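1. Task: produce atomic coordinates for the following.
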Amino acid sequence: MADIRPKTDATEKKYYTIREAAELLGLPLPTLRYWESRFTIIKPRRTSTGRRIYTASDLEKIRMVYYLVRDKGLHLDAAQEQLRHNHTGVSRRSAAVARLKEIRSELQSMLDALNRLR
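-> Numbers count the residues shown, from 1 in each chain. Below you'll find the predicted structure:
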């Protein structure tokens with residue numbers, strides 16, 4: 001899953017279409033739409049024409065759902081319950097897991113580079 005933490009770059013987008021959000025998160029569009037219908041915390045804004053627009057905050061919430069459903073393997077109802085009762089804890093854990101995945105990826109890239117030099 002891609003890193004979706006807010007960046008300090010002035011060119012960073014404030015809003016993402018559903019396609020851009022799905023690509024950033026590595027999710028199929030139907031999954032993202034389904035999660036939106038099942039999880040009350042995922043509420044993207046809509047344009048006057050009805051198109052969804054996601055903010056960095058929306059992407060963070062989806063990342064928490066991804067962590068609970070895909071990484072921890074919880075059923076949707078159990079994930080919803082976790083978010084309701086322990087939102088802060090889930091947020092911290094999902095951020096930590098995302099950061100550890102980034103570090104692992106960087107280390108793997110370094111290891112691959114070292115192996116190519118041999």
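
2. The protein: helices as residue ranges?
-> Taking DSSP state H, the helices of the chain run over residues 18-25, 29-38, 56-66, 76-85, 87-117.

3. for these, which one sits closest to Ser48?
-> Each of those was scored for nearness to Ser48 using CB to CB, and the closest is helix 18-25 (16.2 Å). No exception for glycine: its C-beta is placed from N, CA and C like everyone else's.

4. any idea of the mean pLDDT for the closest one?
-> Taken as a whole, helix 18-25 carries a mean pLDDT of 92.

5. Stretch 33-46 too?
-> Rounded mean pLDDT across stretch 33-46 is 92.

6. give me every residue that touches Ala22.
-> 28-29, 31-32 (CB atoms under 8 Å, 6 or more residues apart in numbering).

7. hmm, back to that, and the helices of the chain as JSON lines, adding distance to Arg46?
-> What follows is those, written out as JSON lines (distance: least, CB to CB, whole Å):
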{"stretch": "helix 18-25", "distance to Arg46": "11"}
{"stretch": "helix 29-38", "distance to Arg46": "11"}
{"stretch": "helix 56-66", "distance to Arg46": "12"}
{"stretch": "helix 76-85", "distance to Arg46": "22"}
{"stretch": "helix 87-117", "distance to Arg46": "24"}
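
8. Could you identify which of those is most buried?
-> helix 56-66 (a mean of 21; mean count of other CB atoms under 10 Å).
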